[in-house]
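[1] Prediction below, plus the sequence it came from.
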Amino acid sequence: MIRILIADDHPVVRTGLQGMLAGEGDFEVVGEARDGREAVEKADLLEPDVILMDLRMPVLDGVAATELIRTGRSESQVLILTTYDTDGDILRALDVGAVGCLLKDSPREELFRAVRAAARGESVLAPAVLSLVMSRMRAPAAETLSDREVEVLRLVARGASTRRRLGNSSSAKPP
């Protein structure tokens, strides 16, 4: 079973995700969080395999919550779910340790695949998010890429797909 924590400030989104995930036999939603602080607390308490994290939440945003979870003792993988495909916070979330990012309008089967991949520690990037990362790479030299952005781009250049683990360059092999 893949244990999942849903972190989103909108009750309708949490309920919708819970309902979608409940239909999959290998998923168990172990908790919900209404804000980033609650997500950090529940991640520590419940030890989920995957945290579906919204970026824009009260008290503590998704980036700060992701950073606290990933720098703590939690082994939970954080998968960002966002509405905005141009949000610079996506890049910050990847930089602080999110395993990937999907848009909230992704098809349910794509979400299911992403959760399973995240549970295995594999990176998952929606095509629009990959484009965002690539456009940052092409930005004027005055803007520098984060270490995580450089790592992701090197792996993509070597042929790693978004279905493979991008977190460890030594394990990524071209297709």
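    On my side now, so go ahead. Numbering: from 1, shown residues only.

[2] Could I get the full set of strands for the chain?
    Here the chain has its strands, by DSSP state E, at 2-7, 27-33, 50-54, 77-82, 100-103, 124-125.

[3] same for the fifth one, what does it pack against?
    Spelled out, that is strand 100-103. strand 77-82, helix 88-95, helix 108-119, strand 124-125, helix 127-137 (3 or more C-beta pairs under 8 Å, 6 or more residues apart in numbering; DSSP states H and E). (Glycine included, C-beta is placed from N, CA and C.)

[4] How about the third one?
    In this structure, strand 50-54 makes packing contacts with strand 2-7, helix 36-46, helix 62-71, strand 77-82, helix 108-119, judged by 3+ C-beta pairs under 8 Å, 6+ apart.

[5] picking up where we left off before, wait, which of the helices and strands packed on strand 100-103 is closest to M1?
    Among the helices and strands packed on strand 100-103, the nearest to M1 by C-beta to C-beta is helix 108-119 (9.7 Å).

[6] model confidence over the closest one, on average?
    Across helix 108-119, pLDDT averages out at 95.
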